[in-house]
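# have a look at this fold, sequence not included:
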């Protein structure tokens, strides 16, 4: 067996503070893209074309990982990547960041950028830039503020740029625009299993326009409860739904839109027990909207959040239905 010649470690300038996100940010001007790209790497099918393009670089890299002391720790990371083992890959992420710096320039980033855009809700397309990043929109949803499909880019940007304490006021200040955005999105739900809920939500929007915020909130909460129950068959309770929708980054680029749509449902499903002395939640809450009717839970802000969340979920479910049926029913011979 011949010795493999020693390979010098490439001279690569560190990417920002060393986070993987900063590496891609330098390429595409959107640090959130890395979080999605990292998840794409866990999907072998999605990455097959990329690996084909960087095949020669990967082979050279594998040799370097075996031969060079400088890349000794990268060996296990390369194996984890080849095996599509997410947990192992994440533990080795800092170790092969330098290698990815060599590989990623060989990938056609315009193709990835377009793929990334295709898996975003349409209201995100004009919302990013000038201080607003995709990751901000995801984190906004995780904090309980709907960001997928509605509201429109103008209000979405205002919510991101506001402090958490100011966001309720932002919604109320832009209420007419928020309700217009909801009507626009609901008009796209034609046919399919959620058309009835879309019609009911148009009534909730109409009620809010007339300052009947309490009826709007109650109807929105009921729609949310209905659609999430229908999404899990057989229904095994809210804890099971939450178990199936964990608050983590373990999702692929193709799941990004759905995950962001459902992220605000988690805080909306938080349980409280008045008999144990728990206070009524001040933020929008499905349980409180049903079982703690009063001026703590029923507010103008919560009504708008509830309507936005219900519209967001119904529109996302309709999009998934449309994507599954876009080819139409199979042809029947002899028909």
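Thanks, I have it. Just so you know, these numbers come straight off a predicted model, no measurement behind them.

# wait, residue 183 touches residue 203, no?
No - using Cβ atoms under 8 Å, residue 183 is not in contact with residue 203; the gap is 11.3 Å. In short, each C-beta sits where N, CA and C put it, glycine included.

# neighbour-wise, which of those two wins?
The residue with more neighbours, out of residue 183 and residue 203, is residue 183; 15 against 12, by other Cβ atoms under 10 Å.

# which residues touch that one?
By Cβ atoms under 8 Å, 6 or more residues apart in numbering, residue 183 lies in contact with 202, 205.

# pLDDT below threshold where in the stretch 51-200 of the chain?
Low-confidence segments of the stretch 51-200 of the chain (pLDDT under 70): 51-113.

# can you map out the helices along it?
With DSSP state H, counting those that start in this stretch as the definition, the stretch 51-200 of the chain shows helices at residue ranges 55-67, 74-82, 86-91, 93-103, 109-118, 134-142, 153-161, 167-173, 175-186, 195-209.

# the stretch 201-335 of the chain now?
Along the stretch 201-335 of the chain, the segments classed as helices by DSSP H, counting those that start in this stretch run 213-230, 238-244, 256-262, 265-268, 286-291, 300-325.

# which stretch among those helices comes nearest residue 187?
Closest of the helices of the stretch 201-335 of the chain to residue 187 is helix 300-325, at 10.2 Å (criterion: Cβ to Cβ).

# and the closest one, what's its mean pLDDT?
Per-residue pLDDT over helix 300-325 has a mean of 97.

# TSV for the helices of the stretch 201-335 of the chain, including distance to residue 130 and mean neighbour count?
Below are these laid out as TSV (distance: least, Cβ to Cβ, whole Å; neighbours: other Cβ atoms under 10 Å):
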stretch	distance to residue 130	mean neighbour count
helix 213-230	31	21
helix 238-244	35	13
helix 256-262	21	22
helix 265-268	28	21
helix 286-291	35	20
helix 300-325	23	23
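
# okay, the ones you listed in TSV with distance to residue 133 next?
As requested, the helices of the stretch 201-335 of the chain are exported to TSV (distance: least, Cβ to Cβ, whole Å):
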stretch	distance to residue 133
helix 213-230	28
helix 238-244	27
helix 256-262	13
helix 265-268	22
helix 286-291	30
helix 300-325	20
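
# between these, which gets nearest to residue 178?
Set against residue 178 and scored by Cβ to Cβ, those come closest in helix 300-325, at 5.9 Å.

# list the contacts of residue 287.
269-272.

# please apply the same query to residue 117.
With contact set as Cβ under 8 Å, 6+ apart, residue 117 has these partners: residue 125.

# do that again at 6 Å, thanks
If you count contacts by Cβ atoms under 6 Å, 6 or more residues apart in numbering, residue 117 has none.

# I'd like the distance between it and residue 311.
22 Å (Cβ to Cβ, to the nearest Å).

# over to residue 293?
Distance from residue 293 to residue 311, by Cβ to Cβ: 22 Å.

# repeat for residue 115
For residue 115 relative to residue 311 (Cβ to Cβ), the value is 26 Å.

# cool, and residue 161?
22 Å.

# just name the closest of the contacts of residue 287 to residue 301, please.
So of the contacts of residue 287, ranked by how close each gets to residue 301 (Cβ to Cβ), first place is residue 270, at 16.7 Å.
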